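J.: Everything below, folded, please.
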Amino acid sequence: MKTLLKDIKSARWAIILIIAYFAFLKNYLYTICPVVLLSGYPCPGCGMTRAMFKVLRFDFAGAWEMHPFIYPIGILFLMFCISRYILNGKYMRYVKIFMIIIAVGMI
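T.: Modelled structure (predicted):
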């Protein structure tokens, strides 16, 4: 728990800026994706938020249709949380390798 609070405290300005960014873009522009804003084309992560909301509503097939990488990203998130906060960073090397595999697969 100490590590989590320390991480939140050290990233507080980044968290505030990200929330402000999303709040501004959601209210004044048609999208929150910076890649779509700059290029007009969707990025590899477009649809991920909508897919996560479908998972939270237990619509697993709809989430898969929206963005198939929602499940590997969820597994990556769980791996990171377990490695960082329960095992004290013991297996972060494997988390990084899995993250690179997912990034290459998405691109």
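
J.: Which residues outside stretch 17-35 are in contact with it?
T.: Applying CB atoms under 8 Å, 6 or more residues apart in numbering, the contact partners of stretch 17-35 are 37, 41-43, 45-46. Where C-beta positions appear, they are placed from N, C-alpha and C, glycine not excepted.

J.: Stretch 67-83 too?
T.: By CB under 8 Å, 6+ apart, the residues outside stretch 67-83 that reach it are 44-48, 50-52, 55, 63-64, 89-92, 94-95, 98-99, 102, 105-106.

J.: Name the nearest residue to Met99, ignoring sequence neighbours.
T.: Distances taken as CB to CB, 6 or more residues apart in numbering put Leu76 closest to Met99, at 5.9 Å, once the chain neighbours are dropped.

J.: Can you list the buried residues in the one helix or strand the one you found maps to?
T.: Using DSSP states H and E, Leu76 sits within helix 70-81. By neighbour count on 16 or more other CB atoms under 10 Å, the buried set for helix 70-81 is 70, 73, 76, 79-80.

J.: what's around the nearest residue to Lys54 once chain neighbours are set aside, how many residues?
T.: The spatial neighbour of Lys54 that comes closest, neighbours along the chain excluded (CB to CB, 6+ apart), is Ala63 at 3.9 Å. Applying other CB atoms under 10 Å, we find 23 other residues in the vicinity of Ala63.

J.: Ala63 and Met48 touch, don't they?
T.: No. Look at Ala63 against Met48 with CB atoms under 8 Å: they stay out of range, at 9.8 Å.

J.: what helix or strand is the residue nearest to Lys54 on?
T.: Here Ala63 sits within helix 60-66, counting by DSSP H and E.

J.: sorry, back to before: out of the contacts of stretch 67-83, which are inside strands?
T.: Among those, DSSP state E puts none in strands.

J.: Any of those buried? List them.
T.: 46-48, 51-52, 55, 63, 95, 102.

J.: would you list these in TSV and tack on pLDDT and distance to Ala20?
T.: Listed next are the buried ones among the contacts of stretch 67-83 as TSV, based on pLDDT from 0 to 100; distance: CB to CB, whole Å:
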residue	pLDDT	distance to Ala20
Cys46	85	21
Gly47	86	23
Met48	88	20
Ala51	92	24
Met52	92	21
Val55	93	26
Ala63	93	28
Val95	92	29
Ile102	93	28
